[in-house]
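[1] coordinates only, sequence not included:
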């Protein structure tokens, strides 16, 4: 069994703790967090601590804290020759350089504490400072997921930006869709089947080919009508995204 | 059996034709299109014509053509006292005013010819010029879908704008996500689980509460790093959407 310790008490740390507890190939032996309060719910499953000097011996230490705290946590860990990895999309491997064996274990997904997620479907992006550790980290990733990607630090940063577009920005467009519905007392869940199908569609055709709508068709009369019904912020977004679509498909308005 | 004729040869017309052919409560008796070529594939299931004078007698005529052609098609139909409806999200009921009994039958979904869709899940938005016809149209909608909404012309236009945000614009963000991945030779399907979960998440929490990411957190250092890695068009979209999120959650950068 590969012995693992998680450092962190946020969403990713919690989800990893839950999935590792159910794994038969790795053994989660301890969780560290500065505030014990935010990991108290895990105490019935695994030993918890807020004291760096009480960190046990493990094969892999997974630092799953906010990006700005990674360096500090890493610097305080005295863990000999074990492998240390972080779970951040936008932080390079190099930040762990005070340790000899380092890596990244980045699950590409959006996590909320109260929402269960099937880890088997989550792409795990791994990177290590040396090749042997890549195999070790691969074993850990395979114990919880079906899809493992070897992604270097530059690629991971790029991927994180793509994730901001397809997750953060997409969700914000969902929120604007809700706002627009509410203005006319339309139940917002009427949009859900369309939202689901939009996401499903790109599994069978790429997003470029799946594009539809007035901007794709270059239908300036509908676009003008739509814009006249929006508030200023919505108008700016509508115009910019429509122009971007118009350009991508070589249309003119 | 309610006798139906569809006028049109596009995606919506095709999908409606297929689902009505399998319905036990309505009978699709004819399809009209100016070009016979684009409805030839339906000929084995139903009579087709391109001649307005050969239109049969039916209970409901469904005009499912491009928005700009609805008025012309409607004006050429000599169909007595039957109910005439269109399927457009952005066209008011009034455009059919040369007929006595009019309505709208708007399925809120994105249709591609080659992609099968479970109609039962599609919200059908209905509106009629008189109350009795609302019941008739409701029967037709219920014969193919589980979710029927009474939506007036103003609401439907608003809904269509919301659909542009959550479908057209969202899909465009997916395409940008693909572009960003390709620049660093990352397989684009790595984004699919995240895209699916983003869409699923809003069924259990509203989009406002589901928001995550650097703009939501007001993390200006990550935002700056991201922007420096994008091309000009991507930068503009990144900035505008991030600022919109920042404003929505009362953050400052």
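    All right, it came through fine. Fair warning: this is a prediction, and the values are worked out from it, not measured in the lab.
[2] who does residue A:3 form a beta bridge with?
    Beta-bridge partners recorded for residue A:3 (DSSP bridges): residue A:27.
[3] that one contacts residue A:27, correct?
    Yes - counting by Cβ atoms under 8 Å, residue A:3 touches residue A:27, with 5.4 Å between them. Using the backbone N, CA and C atoms, a C-beta is placed for each residue, glycine as well.
[4] need the residues of the stretch 1-150 of chain A near chain B, please.
    Proximity of the stretch 1-150 of chain A to chain B is confined to A:67-68, A:90, A:108-110, A:112, A:115, A:117, A:121-123, A:125, A:147, A:149 under the rule Cβ under 8 Å from any Cβ of the partner chain.
[5] which of those are buried, as a PyMOL select command?
    Those of the residues of the stretch 1-150 of chain A next to chain B that count as buried under 16 or more other Cβ atoms under 10 Å in any protein chain shown are selected in PyMOL with:
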select buried, chain A and resi 67+90+108+109+110+112+117+122+123+125+147+149
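[6] just checking, which of the residues of the stretch 1-150 of chain A next to chain B belong to strands?
    A:125, A:149 (DSSP state E).
[7] looking at the residues of the stretch 1-150 of chain A next to chain B, which gets the smallest pLDDT?
    Among the residues of the stretch 1-150 of chain A next to chain B, residue A:112 carries the lowest pLDDT, at 79.
[8] which residues in the stretch 51-200 of chain A form helices?
    Per DSSP state H, counting those that start in this stretch, the stretch 51-200 of chain A carries helices over the ranges A:70-76, A:131-142, A:153-163, A:170-182, A:192-201.
[9] so of those, which one's packed in deepest?
    Ranked by mean neighbour count, those are led by helix A:170-182 with a mean of 23 (mean count of other Cβ atoms under 10 Å in any protein chain shown).
[10] what is that helix packed up against?
    helix A:232-248, helix B:153-163, helix B:170-182, helix B:192-201, helix B:207-210, helix B:232-248 (3 or more Cβ pairs under 8 Å, 6 or more residues apart in numbering or on different chains; DSSP states H and E).
[11] residues of the first one that come out buried?
    Same thing as helix A:232-248. Buried residues in helix A:232-248 (16+ other Cβ under 10 Å): A:234, A:236-246, A:248.
[12] report the inter-axis angle for it versus helix B:232-248.
    Here the directions of helix A:232-248 and helix B:232-248 differ by 160 degrees (axes from the mean of the first three to the mean of the last three Cα atoms, to 10 degrees).
[13] need the residues that contact helix A:232-248.
    Residues outside helix A:232-248 that contact it (Cβ atoms under 8 Å, 6 or more residues apart in numbering or on different chains): A:173, A:176, A:179-180, A:208, A:211, A:213-216, A:218, A:223, A:226-227, A:230, A:251-253, B:164-165, B:168-169, B:172, B:175-176, B:233, B:236-237, B:240-241, B:244, B:247.
[14] now do stretch A:38-53
    In contact with stretch A:38-53 (Cβ under 8 Å, 6+ apart) are residues A:9-10, A:13-14, A:17, A:21, A:28-36, A:55-56, A:76-78.
[15] which among the residues you listed end up buried?
    Neighbour counting with 16+ other Cβ under 10 Å marks A:9-10, A:13-14, A:17, A:28-34, A:55, A:77 as buried within the contacts of stretch A:38-53.
[16] most remote residue from the middle of chain A, which is it?
    residue A:221 (38.9 Å; Cα atoms, centre = their mean).
[17] once you drop chain neighbours, what's closest to residue A:141?
    residue A:124 (4.1 Å; Cβ to Cβ, 6 or more residues apart in numbering or on different chains).
[18] confirm for me that that neighbour is in contact with residue A:105.
    Yes - counting by Cβ under 8 Å, residue A:105 is a contact partner of residue A:124 at 6.6 Å.
[19] common neighbours of the two, please.
    Joint contacts of residue A:124 and residue A:105 (Cβ under 8 Å, 6+ apart) are residue A:141.
[20] for chain B, what's the nearest residue on the stretch 51-200 of chain A?
    residue A:168 (3.3 Å; Cβ to the nearest Cβ).
[21] quick one: the nearest residue to residue A:158 once chain neighbours are set aside from residue B:97, how far?
    Spatial nearest neighbour of residue A:158, excluding adjacent residues (Cβ to Cβ, 6+ apart): residue B:184 at 4.3 Å. Computed as Cβ to Cβ, to the nearest Å, the residue B:184 to residue B:97 distance reads 56 Å.
[22] quick check: residue A:5 touching residue A:56?
    Yes - contact criterion Cβ under 8 Å: residue A:5 and residue A:56 qualify, at 6.5 Å.
[23] intersection of neighbour lists for the two?
    Joint contacts of residue A:5 and residue A:56 (Cβ under 8 Å, 6+ apart) are A:29, A:30.
[24] any low-confidence regions in chain A?
    Across chain A, nothing is flagged by pLDDT under 70.
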